[in-house]
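# return a 3D structure for these sequence lines:
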Amino acid sequence: MSGPTLNASEAAGRAVRTDECASDFLIRRYDLEGWNEADQLALDSWLEESLANRSAYWRLKETWKRADRLDALCPMSAPDTASVTRQSPKLGLKLAAVVALVTLLGGAAWFVQQPATRTFATAVGERSNLQLSDGSRVELTTNTTVRVSTGAKDRKVWLDKGEAFFQVVHDDRRPFVIHALDFKVVDLGTEFSVRREANRIEVMVLKGRVRIDPPADEARGKAMHLTAGEMAVADNHSISITRRSESEIVDALSWRKGILVFRSAALSEVAAQFNRYNTQKIVIDDPRVADMTISARLPATDVDAFARVARNFIGLKVEQSGDEIHLSRLGN
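Purely as a prediction, here's the structure:
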């Protein structure tokens, strides 16, 4: 995994420096006239650097609001050097008020113990990569929504819909837990994917180990452990684990490169996969066509490529109607 693990002292020092930078942006933006496009670009770039930067900025901004300071800060006339000097004590008092409020709320510990929950989402056909403040990475595939919260004692992700791949920087003192439906997927030092469907989840382990905890109200359920090469399907009734070959795991995770890989897959399954990644849907009305199989490696967002394969290599009739592509046997 990338980057060394920070000890508590180093992490605290980094957090302080991040907060100082965030407060500097806030003071310049709201206390002084002259905020320009270059300043905004600098802020946007800094915010994009890490989740920690964004969290510090928005938390401190919310704290200023709590202090009833932000709404009172009005743009002044264009300041000269002397006027800026006169404003400086005023700025210091405003910042001191914020620091005092933070201290009353528990100071830096309050920031860590009450971490902001951020939401990240992709549209149909989109993919996105996130790097968390602890160095862990999350890759989102099509039509996926996650909420992320990282604190001093734990790290939590809620998979509200879709599928994500996790590369976790393991820390025994700060568990990394994914909540999906009523299940918890707990990192034990690993790289793995979690896919959420209407009534079940799928967990596939590329490296390391994970633990799946059943719903808390499931009296008969017990935690299940997965190792590299294993896949679990969990629903309201059971958790089943199967062994997959390395090539099968790689194929299943090929969406990370924008590719869908099929090996003797039924066209009904191929259509279902393409329909996840595209607003233009594939419709198969004939069961005989749905049961046909195909082996192919195709771009996930290129429905036309699949339609050409269906027409030229399988010999199917391909008809487009609005946002749908219908597949049928010739002569029907």
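
# residues touching residue 212, list them.
183, 184, 185, 186, 203, 223, 224, 225, 226, 232, 234, 239 (C-beta atoms under 8 Å, 6 or more residues apart in numbering). In short, each C-beta sits where N, CA and C put it, glycine included.

# buried subset of those residues?
Among the contacts of residue 212, those classed as buried by 16 or more other C-beta atoms under 10 Å are 183, 184, 185, 186, 203, 224, 226, 232, 234, 239.

# and of those residues, the nearest to residue 209?
Closest approach to residue 209 among the buried ones among the contacts of residue 212 (C-beta to C-beta): residue 226, at 6.5 Å.

# what helix or strand is that closest one located in?
If you go by DSSP states H and E, residue 226 is part of strand 224-227.

# so what does the helix or strand following that strand touch, helix or strand wise?
Counting by DSSP H and E, the element after strand 224-227 in chain order, helix or strand, is strand 230-235. Helices and strands touching strand 230-235, by 3 or more C-beta pairs under 8 Å, 6 or more residues apart in numbering; DSSP states H and E, are strand 200-213, strand 239-243.

# give the pairing partners of the last one; include direction for each.
Sheet partners assigned to strand 239-243 using DSSP bridges are listed as strand 230-235 (antiparallel).

# next: the first one.
Strand 200-213 has these partner strands in its sheet, going by DSSP bridges: strand 183-196 (antiparallel), strand 224-227 (antiparallel), strand 230-235 (antiparallel).

# can you put the buried ones among the contacts of residue 212 in TSV and add distance to residue 272 and pLDDT?
Formatted as TSV, those follow (distance: C-beta to C-beta, whole Å; pLDDT from 0 to 100):
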residue	distance to residue 272	pLDDT
183	23	93
184	27	94
185	23	96
186	29	95
203	19	97
224	26	91
226	24	95
232	20	96
234	20	92
239	23	89
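
# please produce a markdown table containing the residues you listed, extended by distance to residue 265.
As requested, the buried ones among the contacts of residue 212 are arranged in a markdown table below (distance: C-beta to C-beta, whole Å):
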| residue | distance to residue 265 |
| --- | --- |
| 183 | 27 |
| 184 | 31 |
| 185 | 26 |
| 186 | 31 |
| 203 | 21 |
| 224 | 27 |
| 226 | 24 |
| 232 | 21 |
| 234 | 23 |
| 239 | 25 |
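
# closest to residue 273 among those?
residue 203 (18.2 Å).

# let me know whether the closest one touches residue 185 as I believe.
Yes: between residue 203 and residue 185 a contact is recorded at 5.7 Å, counting by C-beta atoms under 8 Å.

# mutual contacts of the two, please.
Shared contacts of residue 203 and residue 185, defined by C-beta under 8 Å, 6+ apart, are found at 192, 194, 210, 212.

# for residue 163, state which of those residues is nearest.
Nearest to residue 163, judged by C-beta to C-beta, of these is residue 194 at 6.9 Å.

# mind listing what that closest one touches?
If you count contacts by C-beta under 8 Å, 6+ apart, then residue 194 has 159, 163, 164, 166, 178, 180, 185, 201, 202, 203 around it.

# nearest to residue 44 among those?
residue 164 (25.0 Å).

# avg pLDDT for the helix or strand that contains the closest one?
Under the criterion of DSSP H and E, residue 164 resides in strand 155-167. Computed over strand 155-167, the mean pLDDT rounds to 96.

# what is the very next helix or strand once past it packed up against?
With elements assigned by DSSP H and E, the helix or strand that comes after strand 155-167 is strand 176-180. Counting contacts by 3+ C-beta pairs under 8 Å, 6+ apart, strand 176-180 is packed against strand 155-167, strand 183-196.

# who touches the first one?
I take that to be strand 155-167. Contacts of strand 155-167 (C-beta under 8 Å, 6+ apart): 1, 122, 132, 134, 136-150, 171, 174-180, 187, 190-196, 201, 253, 255-256.

# do the same with stretch 48-55
14-15, 18, 21-22, 46-47, 115-116, 118, 130-133, 148, 150.
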